[in-house]
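# Give me coordinates for this.
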Amino acid sequence: MIVIAACALIAGNPAGAASAPVMPQPSGSEAQLAEVLVVGKQPGPGLWRISKGDHDLWIFATLTPLPKQMIWDATDIEKHIGESQAVLAPPRIDPHVGFFRGLTLLPALLRARHNPDGRTLEQVVPHDLYMRWLGLRVKYLGNSSDEKLRPMLAALDLADKALDKEGLDDEPGIWKRIESISRRARVPVEPVVLDLKIPDEKAYVRDLTQISTERELACLRSVIEHLERDLPSLRERANLWSLGDIARLRPLLPADEPIACFDAVMSVTRFRSEYAQISARLDALWISSAEQALQINRSTLAVVGIKKLLAVDGWLAQLRSRGYVIREP
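Just a heads-up that it's a prediction; the model follows:
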């Protein structure tokens, strides 16, 4: 969403969509699975099959983060791409900020990254919370952190580096691999892009700076708690995706970025209103693209995020409500 993209632009790091609160640590045999990330060649999940008559849409569901040392076995995907007439790319938003226009934003972006009056995190954050952040900073960032970052951006930076240190990768290259396979097979890749016009980019930056210090501190606290407590759930979730175990993966899907950070961004009225509108437009765009592919092609492969696919009101539920036959992997 443009809200999350704006926050990521200022942070200098990718930011994921918001989610429900994180899951507790697993126990027993599940905890053993979470302790070590899987390596080597792994199949990933099977494909969902959406059918209308003799036309099929095969859906491959991706997840982030995934184990850095995992090698994804794309044999099944190669087969389906070879039998398909098109591949639907993962849906994305194009905010239409040109290169030269982006350059004019740099001064505002640089100011928005830092605390007012040049204050450091130690001066802004309560002492007990700062000491917890400092312990994680030593573990995950070393001496590379920026002590003048706003608390929310310091939280995003810490979370990003922690995943990397824990052997998890937010950019596992799954889509790039599928795109490469499609090119070799001469199967066209059809983009699913929501064009978004931004009349006043600087206004978005200004609005982000209006997030209250209390909201930013809540974000930082929730990220710290997340890293202190919930990394085993993220590792287990990554393992289960790699192994293709959807039944055990489903309950862990909400475990993601702490909700307090999303709440901080949503405290800005403009963002809260636009987020709902853009989410609805992106949903409608993907459903329309999927239905068009089912109508035109005998076989199509689509790539989407697994949380968006399997949510209670997600894209699979919407297709089911429209009467399509769905076969689980």
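# Below-threshold pLDDT in the stretch 51-200 of the chain: ranges please.
Counting by pLDDT under 70, the low-confidence segments of the stretch 51-200 of the chain come to 96-110, 199.
# ranges for the strands of it?
Listed in chain order, the strands found in the stretch 51-200 of the chain under DSSP state E, counting those that start in this stretch are 55-62, 66-67, 70-72, 86-88, 92-94, 168-169, 189-190, 193-195.
# Now mean neighbour count and distance to residue 178 too, for these, in JSON lines please.
Any C-beta I mention is one placed from the backbone N, CA and C, and that applies to glycine too. Supplementary listing: those in JSON lines, determined by neighbours: other CB atoms under 10 Å; distance: least, CB to CB, whole Å:
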{"stretch": "strand 55-62", "mean neighbour count": "23", "distance to residue 178": "7"}
{"stretch": "strand 66-67", "mean neighbour count": "24", "distance to residue 178": "14"}
{"stretch": "strand 70-72", "mean neighbour count": "17", "distance to residue 178": "10"}
{"stretch": "strand 86-88", "mean neighbour count": "23", "distance to residue 178": "7"}
{"stretch": "strand 92-94", "mean neighbour count": "13", "distance to residue 178": "14"}
{"stretch": "strand 168-169", "mean neighbour count": "18", "distance to residue 178": "16"}
{"stretch": "strand 189-190", "mean neighbour count": "16", "distance to residue 178": "9"}
{"stretch": "strand 193-195", "mean neighbour count": "14", "distance to residue 178": "17"}
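# Now distance to residue 147 too, for those, in CSV please.
Output for the strands of the stretch 51-200 of the chain, formatted as CSV (distance: least, CB to CB, whole Å):
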stretch, distance to residue 147
strand 55-62, 35
strand 66-67, 31
strand 70-72, 35
strand 86-88, 44
strand 92-94, 33
strand 168-169, 26
strand 189-190, 44
strand 193-195, 37
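# Next up, the contacts around residue 324.
Remark: with contacts taken as CB atoms under 8 Å, 6 or more residues apart in numbering, residue 324 is in contact with 50, 51, 52, 294.
# is it true that residue 51 touches residue 319?
No: if you go by CB atoms under 8 Å, residue 51 and residue 319 don't touch, sitting 10.2 Å apart.
# does residue 316 count as helix, strand or coil?
Applying DSSP: H, G, I helix; E, B strand; the rest coil to residue 316 yields a three-state assignment of helix.
# Can you tell me, leaving aside adjacent residues, what's nearest to it?
What sits nearest to residue 316 in space, not counting adjacent residues and going by CB to CB, 6 or more residues apart in numbering, is residue 309, at 5.3 Å.
# and residue 51 and residue 319? which has more neighbours close in?
Remark: of residue 51 and residue 319, residue 319 carries more neighbours, 22 against 14, as counted by other CB atoms under 10 Å.
# could you measure that one against residue 146, distance?
Counting by CB to CB, to the nearest Å, the gap between residue 319 and residue 146 amounts to 45 Å.
# ok, now residue 240?
Look at residue 240 and residue 146: by CB to CB, they are 35 Å apart.
# And the helices in the stretch 101-250 of the chain?
Read by DSSP state H, counting those that start in this stretch, the stretch 101-250 of the chain holds these helices, from start to end of the chain: 121-124, 127-140, 151-165, 174-184, 201-208, 213-229, 231-243, 246-249.
# what separates the last one from the chain centre, distance-wise?
On the basis of CA atoms, centre = their mean, to the nearest Å, helix 246-249 is displaced by 19 Å from the centre of the chain it belongs to.
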